[in-house]
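Novice: Provided below are the primary sequence and the corresponding predicted coordinates.
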Amino acid sequence: MKKKLVTIGNFSEYISGKKFVASSDMIITPGARDKIREAGAEIVYENQSLELKIKEILEKDFNITDNSMVQKVINKIKSMS
């Protein structure tokens, strides 16, 4: 698998909104990591991004904010894959 090198020169290509989704095929230089944070973006690791999206959907679309309920839904979805 070919790795993607994320540097201060190209980090902005991977920012969506205020999130930088880091995948397992990325190598992020320390300088790029600093610039991502300076840009106000949150670094989210790929395996966590699904959980964050589920949480956002539950909160925004269904007004479910109870952490135990959110975790139950996340666990149920994970068990289906």
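Specialist: Sure thing, it's come through.

Novice: Which strands or helices does the helix or strand harbouring K35 pack on?
Specialist: Take DSSP states H and E as the rule and K35 turns out to sit in helix 30-38. Where contact means 3 or more Cβ pairs under 8 Å, 6 or more residues apart in numbering; DSSP states H and E, helix 30-38 is packed against strand 42-45. In short, each C-beta sits where N, CA and C put it, glycine included.

Novice: can you pull out the helices in this structure?
Specialist: 30-38, 46-62, 67-80 (DSSP state H).

Novice: In space, not sequence, find me the middle residue of the chain.
Specialist: V44 (2.9 Å; Cα atoms, centre = their mean).

Novice: what stretches of this structure score poorly on pLDDT?
Specialist: 1, 47-49, 81 (pLDDT under 70).

Novice: if we go to 90?
Specialist: Applying pLDDT under 90 to the chain flags residues 1-2, 16-17, 19, 21, 23-25, 44-57, 59-60, 74-75, 77-81.

Novice: ok so, going back, and the helices of the chain: which comes nearest G17?
Specialist: Checking these against G17 by Cβ to Cβ gives helix 46-62 as the closest, at 11.0 Å.

Novice: residues in contact with that closest one?
Specialist: 19, 21-24, 44, 64-65, 69-70, 73-74, 77 (Cβ atoms under 8 Å, 6 or more residues apart in numbering).

Novice: which parts of it are buried?
Specialist: By 16 or more other Cβ atoms under 10 Å, the buried positions in helix 46-62 come out as E51, I54, K55, L58.

Novice: And stretch 32-40, by the same measure?
Specialist: By 16+ other Cβ under 10 Å, the buried positions in stretch 32-40 come out as A32, R33, K35, I36.
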